[in-house]
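# Here you go, sequence then predicted model.
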Amino acid sequence: MIALLASLRPRATDWIFSLKTFAAAMTALFIALSCGLEKPFWAMATVYIVSSPMSGALSSKAVYRVLGTIIGATATVVLVPNLVNAPELLSLVLALWVGGCLAVSLLDRTPRSYVTMLGGYTVALIGFPAVSDPGAVFDTAVARVEEIVLGITCAGLFGHLLLPRHVGPMVAGRIDAWLKDAGELTLDAFAGVTGAEARAKRARLAADATELHGLSVHLAYDHSQFRGTTGLMQALRGRMLLLLPLLGGIAARVSSLKQDGALTDDLAQVLERLSAWTRAGEAVDAQEAAWLRARLADLKPDTGPDAAWAALQQAYLIDRLNLFMDVREQCRDLWRAVKSGGAALPPSLDGNRRLPPAGTVHRDPRLAVWSGASAMLSILLFCAFWISSGWADGATGAQMVAVAACLMAGLDDPAVGILSFVRGLLVAIAAVCLYAFVILPGTDGFPLLTFMLALYLVPAGTLMSMPGWGGTGLALCLNFSALIGIQERFSADFAATLNGDMAAVIGMLFAAVVATLVRSMTVQQAIGRLLRANASDLAAIAQSPAQVRADPLAVRMLDRLGLIVPRLAKAGPDAPEAGHALREVIAAINVADLKRARHALPAGPRRAVEELLGRIAGAARAAGEGTLFDQAMTPVAPPLDDALGAVLALPSGGRRDEALTALVALRCALVPGAAAFRPSAVHEPVWKEAV
């Protein structure tokens, strides 16, 4: 690991971030020492916990850390004195508190999750050491809050006043790049490109949009021109994600019509004009858009009872091209509003019910409860060992069990993250021993102390802002700051230092072992879990008696696709088949549209549609249970054609056309390999007899 660290080449921005963070840490340490705080090194360690290269992220993290610390300190003061004489019961209550807070935090994929997570493990940080002196728990809790608030204040001041890096411009750059890539994907779709490369582009864009969710939530705390645009950013992200299934469906229909020789010259000309309209970006001509819509309306073929499959596909393609133009213009209007610093939806979108809610993301309640239960079990087992052995340094180990179980709970395999943190901890311990017994005894005065600490913390701090090395940098800096234990008067006890450090290592290793046995998942299992969640959503929307909004559901399913993509790269050739994920999204959107339209259909076609919905729900459940997607959907083809034929036989117009478009889309998404649909006269009496 040391050789690998030596091979790194930090950028200038990494050095600037590290120097700013170190200056904030030393300022916090100096003030804490001057004020005689109980553990001044906590203020220094807090700076490294909350620091972030982006000032907006630093502010949001700092605010929520203060709230979480206050909640945790309050809970400690309430719990420990009342239960200290019953160590088994106290251990159970503290473990339940930590596990419960962790479970709640994992349901929130915004910085707010830090409140409940920190409120959980702060109880462990303050409560376990206070067991030996419960009478001082209030003073200890107050001291921890003071030290943490001091560290947060210093980190915030240095982060915002010295060469701040704002989240807004970075998010704006990401969105510009995303829209450019989406424009290229659009041109491919209009050309009918449907190969593996196009699917990979759509999946990558889904992953990028998912990452944007994690960045844009910090805009409420940013000091750039984009401050206060979080709602608009989230609405824009929803529109961006909905472009992906639209483009997937358009590409598939253009390709199919080309292969069958059914793409007319007039429609091909419109596609070329649409390509030019897309390339124009924000400089689009309103008159050109109006001409395109009018031309698409003129080209829409008749979809009467005798319509051929090619005509049905053309009608579906034209419908989706119109919808693409709507979504593309909404993206443009939202992006203009964001760049102008607005906070309200543009007039063209105000009141648009098709805009997904800002919080439309994937959540996994079962995994959250499972992770909380794993943390609780880790703490209980370690406390049982601590109580039965009478280990003097057991409190330190129990603290680290709780911290490790919470901080790594968001990973597929928490044990891997914990072990990586342990490697950083071991390097930090070696540095602490060197400083405590070789360097610091000869150090006199705060200026010299600052210089000596800089020799370690400044180079290590550069890793915190380097892509892929943030966790390692945090482990090196945080553990060093916490374990070196700088006080107003220097004192060093080799045995006490070594015992405390080893207790920390043992606690983390214990958490890793329990996580391996109880909570860890392989990358393949994590992908499978996300795919099952998508299949479950498709089944739920198909079988639910109530109408469901399609757009929020589609955004949530696409958010899962964004979570799947980075895992696919890690899974390698053993990754589960995920190529159908976008088709599932298309199916879910059109199932919702079909359910909305079915109520206006006569009894016979309505029964055919309801039979189809039940079959789709059963097939989706089978896919969620492990059946290959295409194999699971094979039984859907006959009832789908029955419903399509029954609806096709109805007079054109109104809800009938909406249902017909949804059925064509479902056939293309769920059974794309089926033979071309052929209208049959047997469908005509079905609905007529039921009237």
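Here it is on my side, so go on. Numbering: from 1, shown residues only.
# I'd like to know how far the residue nearest to Arg253 when sequence neighbours are not counted sits from Leu274.
Spatial nearest neighbour of Arg253, excluding adjacent residues (CB to CB, 6 or more residues apart in numbering): Leu317 at 4.2 Å. (Each C-beta comes from the backbone N, C-alpha and C, glycine too.) Distance, Leu317 to Leu274, using CB to CB, to the nearest Å: 11 Å.
# List the residues that contact Ile148.
Applying CB atoms under 8 Å, 6 or more residues apart in numbering to Ile148 gives the contacts Trp42, Ala43, Thr46, Arg65, Val66, Thr69.
# got the phi/psi numbers for it?
In this entry, Ile148 is assigned phi and psi values of phi -70, psi -40 (degrees, to the nearest 10).
# Count the neighbours of Ile589 for me.
Ile589: 25 surrounding residues under other CB atoms under 10 Å.
# please begin residue numbering at 15 from this point
Yes, from this point I'll number from 15; that puts the last item at Ile603.
# I'd say it and Gly262 touch.
No. Contact criterion CB atoms under 8 Å: Ile603 and Gly262 do not qualify, at 11.1 Å.
# secondary structure class for Gln501?
Of the three states, Gln501 takes coil according to DSSP: H, G, I helix; E, B strand; the rest coil.
# Need the pLDDT of it.
pLDDT recorded at Gln501 is 79.
# Then the one 5 residues further on?
Ala506 is assigned a predicted lDDT (pLDDT) of 67.
# same deal with Ala17?
56.
# where are the low-confidence patches of this structure?
Within the chain, the stretches with pLDDT under 70 are 15-21, 69-71, 231-238, 242, 355-373, 504-506, 560-565, 693-705.
# domain assignment for it?
The record's domain split for the chain, according to automatic domain parsing, is 16-179+376-532, 193-235+243-353, 585-704.
# of those domains, which approaches Ser550 most closely?
Proximity to Ser550 (CB to CB) singles out domain 585-704 among the domains of the chain, at 5.4 Å.
# Buried residues, stretch 662-671. List them.
Buried residues in stretch 662-671, defined by neighbour count with 16 or more other CB atoms under 10 Å: Leu662, Ala663, Leu664, Arg670, Asp671.
# Max pairwise distance over the residues you listed: which two?
Ala663 and Asp671 (13.3 Å).
# how many neighbours does Thr486 have?
Neighbour count of Thr486, defined by other CB under 10 Å: 22.
# Repeat that for Leu93.
Using other CB under 10 Å: Leu93 sits among 18 other residues.
# could you dump the domains of the chain to JSON lines with distance to Leu552?
JSON lines is the format used below for these (distance: least, CB to CB, whole Å):
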{"stretch": "domain 16-179+376-532", "distance to Leu552": "14"}
{"stretch": "domain 193-235+243-353", "distance to Leu552": "13"}
{"stretch": "domain 585-704", "distance to Leu552": "4"}
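# For Ile541, find the nearest of those.
domain 585-704 (5.1 Å).
# gap between the closest one and the chain center?
The chain centre lies 31 Å from the centre of domain 585-704; the measure is CA atoms, centre = their mean, to the nearest Å.
# mind listing the helices in the stretch 365-514 of the chain by residue range?
379-403, 408-421, 428-448, 460-476, 484-497, 508-532 (DSSP state H, counting those that start in this stretch).
# Out of the ones you listed, which one sits most buried?
Neighbour counts (mean count of other CB atoms under 10 Å) averaged over each of the helices of the stretch 365-514 of the chain peak at helix 408-421, with a mean of 26.
# what's it packed up against?
helix 101-120, helix 127-144, helix 379-403, helix 428-448, helix 508-532 (3 or more CB pairs under 8 Å, 6 or more residues apart in numbering; DSSP states H and E).
# what angle separates the fourth one from helix 460-476?
Translated: helix 428-448. Relative orientation of helix 428-448 versus helix 460-476 (axes from the mean of the first three to the mean of the last three CA atoms, to 10 degrees): 150 degrees.
# buried sites along stretch 265-274?
Using 16+ other CB under 10 Å as the test for burial, stretch 265-274 gives Ala265, Ala266, Arg267, Val268, Ser269, Ser270, Leu271.
# Tell me the first helix or strand C-terminal of the helix or strand where the fourth one lies.
What it means is Val268. In the assignment (DSSP states H and E), Val268 maps to helix 244-273. Note on helix 244-273: by DSSP H and E, the next helix or strand toward the C-terminus is helix 279-293.
# Which elements pack onto that next one?
On a contact count with 3+ CB pairs under 8 Å, 6+ apart, helix 279-293 meets helix 181-204, helix 300-313, helix 323-353.
# Name the residues of the second one that are buried.
If you call a residue buried by 16+ other CB under 10 Å, then helix 300-313 has these buried ones: Ala303, Leu306, Arg309, Leu310, Leu313.
# on that earlier part again, among the domains of the chain, which comes closest to Leu572?
Closest approach to Leu572 among the domains of the chain is made by domain 193-235+243-353 (4.3 Å; CB to CB).
# Start and end of the closest one, how far apart?
End-to-end distance for domain 193-235+243-353: 14 Å, by CA to CA, to the nearest Å.
# Centre of the chain to that domain, how far?
For domain 193-235+243-353, the distance to the chain centre is 25 Å (CA atoms, centre = their mean).
# And for stretch 460-479?
So, by CA atoms, centre = their mean, the centroid of stretch 460-479 is 33 Å from its chain's centroid.
# Now do it: everything it contacts.
Outside stretch 460-479, the residues touching it (CB under 8 Å, 6+ apart) are 19, 22, 24, 27-29, 31-33, 35-36, 39-40, 44, 47, 62, 65, 67, 445, 449, 453-454, 457, 483-484, 486-488, 490-491, 494-495, 500.
# Just the buried ones among those, please.
Taking 16+ other CB under 10 Å as the criterion, what is buried in the contacts of stretch 460-479 is 24, 28, 31-33, 35-36, 39-40, 44, 47, 62, 65, 67, 445, 449, 453-454, 457, 483, 486-488, 490-491, 494-495, 500.
# so what's Leu626 up against?
Per CB under 8 Å, 6+ apart, neighbours of Leu626: Val650, Pro653, Leu654, Asp656, Ala657, Leu677, Leu680.
# Could I get those in JSON lines, plus columns for secondary structure?
As requested, the contacts of Leu626 are exported to JSON lines (three-state DSSP):
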{"residue": "Val650", "secondary structure": "helix"}
{"residue": "Pro653", "secondary structure": "helix"}
{"residue": "Leu654", "secondary structure": "helix"}
{"residue": "Asp656", "secondary structure": "helix"}
{"residue": "Ala657", "secondary structure": "helix"}
{"residue": "Leu677", "secondary structure": "helix"}
{"residue": "Leu680", "secondary structure": "helix"}
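# Since that was my last question, I'll sign off now.
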